[in-house]
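Student: The amino acid sequence is not available; the structure is as follows:
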């Protein structure tokens, strides 16, 4: 069982930056990949970024490529999402997720076994 706890959300002006963190309760050797998803009111949860835990390979949605950076700290069992040049359309509840399944489609919500409770990101224009 893996428990995930997000932190770092908040209110920021357009063009500003935030860093989200996701701490995993279990040893991350059992985790194949972790990702960030977001959900705005009235919209479906969408893929933002993901990282294969041991290899460190990263993946991004086109909408955030070049602005967001995903990373992880193995020693701290923690994943991060550095968000720069934030836009009003980035506002959403951001969720971190983890999967122990191999060979999954990294951008699908159904690929992930575990989810955090979410953290709100609000971007004012």
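Tutor: Arrived safely. These numbers were taken from a predicted model, which means no experiment stands behind them. Residues are numbered from 1 along each chain as shown.

Student: Look up how far residue 125 lies from the most centrally placed residue in the chain.
Tutor: Centroid-nearest residue in the chain, with Cα atoms, centre = their mean: residue 36, separated by 2.0 Å. Counting by Cβ to Cβ, to the nearest Å, the gap from residue 36 to residue 125 is 23 Å. C-betas here are computed from N, CA, C, even on glycine.

Student: Over to residue 10?
Tutor: From residue 10 to residue 125 the distance is 16 Å (Cβ to Cβ).

Student: do residue 2 as well
Tutor: 37 Å.

Student: Residue 93 is in contact with residue 118, isn't it?
Tutor: Yes - A contact is recorded between residue 93 and residue 118 when judged using Cβ atoms under 8 Å, the distance being 4.3 Å.

Student: list the residues that contact both of these two?
Tutor: Where contact means Cβ atoms under 8 Å, 6 or more residues apart in numbering, the residues bridging residue 93 and residue 118 through contact with each are residue 39.

Student: Which one of residue 2 and residue 125 is surrounded by more residues?
Tutor: Counted by other Cβ atoms under 10 Å, residue 2 and residue 125 do not tie: residue 2 has more neighbours, with 19 against 9.

Student: quick one: contacts for that one?
Tutor: When contacts are counted by Cβ under 8 Å, 6+ apart, residue 2 is found next to 24-26, 30-31, 98, 100, 113-114.

Student: pLDDT below threshold where in the chain?
Tutor: 27-29 (pLDDT under 70).

Student: need the strands for it, in chain order.
Tutor: Along the chain, counting by DSSP state E, strands occupy 4-7, 10-13, 18-24, 33-39, 46-52, 58-60, 68-73, 78-83, 92-99, 114-115, 119-124.
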